[in-house]
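J.: model the following, please.
(2 chains)
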There are 2 protein chains.
Amino acid sequence: MTEATEALVIFTPSGKRGRFAPGTTVLAAARQLGVDLDSVCGGRGICSKCQITPGTGAFPKHGLTVAADALSGWNAVEERYKQKRGLAEGRRLGCQARIQGDVVIDVPPESQLHRQVIRKSASDRVMVMDPATRSYFVEVAEPSMDEPTGDFQRLCTALEQQWQVSGLAPDLHILRKLQPVLRKGEWKVTVAVNRGADGSVRIVDLWPGFREAPLCGLAIDLGSTTIAAHLCDLSDGRVLASSGVMNPQIRFGEDLMSRVSYAMMNPGGDVEMTRVVREAMNALAASLASEAGLTGADIVEAVVVCNPVMHHLLLGIDPVELGQAPFALASSGSLTLDAANLGLAALNPGARVYLLPLIAGHVGADAAAVALAEAPETSDDLVLIVDVGTNAEILLGDRRQVLACSSPTGPAFEGAQISAGQRAAPGAIERVEIDPLTKEPRFRVIGSDLWSTDPGFPEATAQTGITGICGSGIIEAVAEMRMAGIVDGSGLIGSAEQTGTDRCEPTGRTHAYLLHDASATGGPRISVTQGDIRAIQLAKSALYAGARLLMDEIGVDKVDRIVLAGAFGAHISPRHAMVLGMIPDAPLDKVSSAGNAAGTGARIALCSLAARAAIEATVQRIHKVETAIEPRFQEHFVAANAIPHATAPFPELAAVVTLPDVSFNSGGAGGEGNGRRRRRG
Amino acid sequence: MTEATEALVIFTPSGKRGRFAPGTTVLAAARQLGVDLDSVCGGRGICSKCQITPGTGAFPKHGLTVAADALSGWNAVEERYKQKRGLAEGRRLGCQARIQGDVVIDVPPESQLHRQVIRKSASDRVMVMDPATRSYFVEVAEPSMDEPTGDFQRLCTALEQQWQVSGLAPDLHILRKLQPVLRKGEWKVTVAVNRGADGSVRIVDLWPGFREAPLCGLAIDLGSTTIAAHLCDLSDGRVLASSGVMNPQIRFGEDLMSRVSYAMMNPGGDVEMTRVVREAMNALAASLASEAGLTGADIVEAVVVCNPVMHHLLLGIDPVELGQAPFALASSGSLTLDAANLGLAALNPGARVYLLPLIAGHVGADAAAVALAEAPETSDDLVLIVDVGTNAEILLGDRRQVLACSSPTGPAFEGAQISAGQRAAPGAIERVEIDPLTKEPRFRVIGSDLWSTDPGFPEATAQTGITGICGSGIIEAVAEMRMAGIVDGSGLIGSAEQTGTDRCEPTGRTHAYLLHDASATGGPRISVTQGDIRAIQLAKSALYAGARLLMDEIGVDKVDRIVLAGAFGAHISPRHAMVLGMIPDAPLDKVSSAGNAAGTGARIALCSLAARAAIEATVQRIHKVETAIEPRFQEHFVAANAIPHATAPFPELAAVVTLPDVSFNSGGAGGEGNGRRRRRG
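T.: Numbering: from 1, shown residues only, chains lettered A, B, ... in the order given. Just a heads-up that it's a prediction; the model follows:
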């Protein structure tokens, strides 16, 4: 065949071009040129992933005119597919349509194997799909008396020849089901293959024939207080369902150090904590699968991010070493493990679990995930990222360097240790405003967009009720109380007389502010108590002190911008965070909220092998700062107890918010907070 | 340092030589030259594996004279070692003795890492120690606040830097015990590392400090009827204990096809068979460890050889496909698996199990092991190797080609389906002779070297009793009965009148020959019945037919030599085997007995990674012949029913043995054997 008889084929948007012999399929041409055109069934006209749109008419830019018969007519396979499944106008199956003349072919975004997905986040960064677990449709050679190799070996040959997938290790659970599945599928099977951080290539599962259903994965943010998870479609990164549950380990200790102590004091205590967290993760996985109309067997992979204590307890490692200097980790690198070995029986029996690397003994895979989501190492300006949880992850850096620490804030920001606190779920108060004149509150609850003063609010919340305050709700409530003059700079709630509102009710020697009273209809009375204020003060002081410690480390007094990342489902209001003094002073328009950045990082790692490699490399370069042994941390902590701060002037905040200069100290009632023991959260 | 000041060092027996700066340790010099000098503790004067013998005086061959101070004097470490553990006269620790002048240094065999071990077998082949599981003593860097890597990562660094061991995958069970072990050993630990067939490198176990005890491995020959195992020292290949138990799957079917049928007819039947064989293997491992004064935790590896049905049932794979053409294997390649995943809980929790590759649907890893032990692919003359078991493995070949088949002999050769049959254990009759004139027998039992007619025999066997006949015993008994004229060519036992001995007793319509009568003292009456003869005839016909089929395949009428390999502990007498017609005619001096070749192959694989690679390559080249679908097999089988054979002349046998020309056919009583259903054994 001479070049003159070959047709010119130009692919858009890539611009890749080449000449091909007439009769070449579009898919074959694309593969030869390295055009990113998806295919799961390997060109058998089954999966329709290789859909393309041929151009028609003149393309002056390319100097060619596409004839009507530049591609072959519809063959039987393509016709059958169109009749059974439908094909959009203008679309063809790339594996069936053959090149007959010069042609321009467009590859639509959804036909790209490595399609880009825009994440809805502050940075709107693009994520390229490159999941560790992918499915392949293969035809396996049948056994014969003359060819005595095993079914597994012939499956491997098929994967190698048809998909260039090699190095598969045989797993017992696959060997056990292999023979019936191959025969049921008449030697055509869909195989899910996982690539591990350790270079391993493993078959997760296989199904007879072509499997329509997408492979799914779980991105899990395993926090001390909340376990949040997204169930994602591994073909396009879509979130199919999201949910969160309380971490049942709370009953062994609300913060991390309590749990380490529990393990030290109670033989077998770590085993018990391992068991309950795995149970909760299984329940969460099952409920997410059910919500998405799937089963646990559809979940072929999970990515877990968590702090070091959660990490060790999930793996069944006694966390005792994390309770004392030098806080040695059993393993710091990323891990790829069998879900079955982790007791995650709700997932596919062959599912693999990837755990992001840990940064240090107190700076975990959750911090790594935040770094993956927010990429401080690519920032031109100096960015402070605080991920608020029971243990806060704090990152500070730019292109030159990135520092990290964790700070034991305790669970108050997640609604725990709060009298009316609850996790972020429908019915929880998540937004609060207090009128500075009337001192009357209004609020919103998760599940409705209405404010409590809007018409129709009672009806809109009848289903969920108003059940408590979640983390973002308590932050706003305390900040609003400070701005409305109900709480003074030292954190004391004033009396009805001092504040001018009957909502300030005496509770023993202190006062509480009544946010919502449904007791007339048998509902709860939701107040913010003095104890709640103290818990928030402890938490925010720890957070602020951690951030300041990192700033000290690189010798700066202020940062260019701040990203507030928070627990599952809650977005923290920058203004309220600054009124509370959770974060250092900064221009308000330079403070953004990023939602659950750790969870987002987990999702990114779930969808991209390249992202895993990138964060594994980044973690090596992050400089960690240990708060537990740093005397300045304690100084910063004490000074940060006031709201917003005892000594720092917060000029940027003062420019936009004027805080009432009130003081309710009547001698003795307000001082109980400072002496409380700080614990790593 | 100029060359003139460096000392010449010559190692024997390797002859390797080089010049080294004064002060270099002998171990360092040896490593630099690639001299095979062992060390487990890495030069810390703990393990004493690096012992060497320095020469003294003149070495005209090398043209040098070794001065008295060619090596440094004893240092404190060496002195302490000698005082505590002792060192043979003339020996030094290579890691402590430093080179001070020209010297000749001998490395004794036991100090060679890859020491050669002579196997006591027909071929006396040399085996080079190269085990897949080895132990390494390492010092691990301590964690610090400034170096936040995990303990596992620092262990990996130590193994890489001190032993060039890399690519370790982290296993959960190791991560769980890692921290306490490192601290107990004060950052010095002994680590057992396994290299898998799949290229994996895994930590099997680790112990605080330097571990004195050798690592042990199990070589298991998992047969249909008998499970035989050797417990071996992985440092020198020594067999520490050997034992065998019945395969408890026998209760689901005596031969392979019965077990496949059981799995097909009974849902869950395969699961049950998997369970019982694993239980038996666990019990066997525990008893071997106990016999050697060890515990199961000392067994860090196992090698298993078995036929395909046993292989699949051990792995928990339903063997149904092996019951019908084309006899497709689930997996044919070698496997390296976790003992824990195979339910082998009696071994070390991190133990790895290597399974040799299977050759074909009916030709298993046991045949591969026989090939490994007997190496037909290196033979100059054409060798026939028959491994006698419930399923016989038959190999025929030389340097040019190797053929293999299996043949369903049934369990008679292992003493099953025999009226007084039992497995080879103390008390079992293993040798039989019958006087051709008097027709009186004498015999030997396992556990005593005396014949039953020798003085002292009753006393010598008082402990064990005389409990039955094992496989080799029944073969000799039937052959002797044929030679003594008690059994005719068709396999019929004559009556007392026909044979002239009252030991031929009527049993219904047939006769039995009384071998031993202890009924007067409450013991058993041990006879060879007509049914026993028929069982042996079926078995030997199948064996002969398989061998003939392979000979047909390469177009020969006779072979140059025959190797008889047999079940555990039993050596088959070549003369008796040929009288029976188990094997084709051949000069008797060209027939040798090799004991349990499959078990020997398992031992070789246990001791050598190179042997594993070699047999994996060899198996690819072995041409398998399928007996089950070959019509000529049936023809050969029928013709081989006579003793020794209906049509083949057996001239070599006739030259040394004259068989009585007797016939006891009284019409009807002797024909029942031929029609019995053959089953794959």
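J.: what count of nearby residues applies to residue A:293?
T.: The burial metric for residue A:293, expressed as a neighbour count using other CB atoms under 10 Å in any protein chain shown, is 10. C-beta coordinates here come from the backbone N, C-alpha and C atoms, glycine included.
J.: need the contact list for it.
T.: With contacts defined as CB atoms under 8 Å, 6 or more residues apart in numbering or on different chains, residue A:293 is in contact with no residue.
J.: make sure I have this right: it is in a strand.
T.: No: under DSSP: H, G, I helix; E, B strand; the rest coil, residue A:293 falls outside any strand and is assigned coil.
J.: so how far is residue A:244 from it?
T.: Here the distance between residue A:293 and residue A:244 works out to 20 Å (CB to CB, to the nearest Å).
J.: now residue A:153
T.: Computed as CB to CB, the residue A:153 to residue A:244 distance reads 44 Å.
J.: again, but for residue A:85
T.: According to CB to CB, residue A:85 and residue A:244 sit 36 Å apart.
J.: the more surrounded of those two?
T.: Just comparing residue A:85 and residue A:244: by other CB under 10 Å the higher neighbour count belongs to residue A:244, 23 against 10.
J.: wait, isn't the more buried one in contact with residue A:225?
T.: No: applying CB atoms under 8 Å, one finds residue A:244 not in contact with residue A:225, separated by 9.9 Å.
J.: overlap in contacts, those two.
T.: Each of residue A:423 lies in contact with both residue A:244 and residue A:225 under the rule CB under 8 Å, 6+ apart.
J.: what residue is smack in the middle of chain A?
T.: Centroid-nearest residue in chain A: residue A:599, 1.6 Å away (criterion: CA atoms, centre = their mean).
J.: which strand or helix spans that residue?
T.: Using DSSP states H and E, residue A:599 maps to helix A:597-607.
J.: show me which residues of whichever helix or strand comes after that helix are buried.
T.: The C-terminal neighbour of helix A:597-607 among helices and strands, as given by DSSP H and E, is helix A:609-621. Across helix A:609-621, burial judged by 16 or more other CB atoms under 10 Å in any protein chain shown covers A:609, A:611, A:612, A:614, A:615, A:616, A:618, A:619.
J.: among those residues, which are within reach of chain B?
T.: Taking CB under 8 Å from any CB of the partner chain as the test, chain B is in contact with none of the buried residues of helix A:609-621.
J.: ok, the residues you listed vs residue A:148, which is closest?
T.: When the buried residues of helix A:609-621 are ranked by distance to residue A:148 (CB to CB), residue A:609 comes first, at 36.1 Å.
J.: for the closest one, which residues are in contact?
T.: Contacts here follow CB under 8 Å, 6+ apart; on that basis residue A:609 touches A:130, A:131, A:132, A:195.
J.: where's the first one relative to residue A:237, distance?
T.: It stands for residue A:130. When CB to CB is applied, the distance between residue A:130 and residue A:237 equals 10 Å.
J.: comparing these two, which residue is more hemmed in?
T.: Counting neighbours by other CB under 10 Å for residue A:130 and for residue A:237 shows that residue A:237 has the greater number, 24 against 16.
J.: assign a three-state SS to the more buried one, would you?
T.: Here residue A:237 is coil, with the state taken from three-state DSSP.
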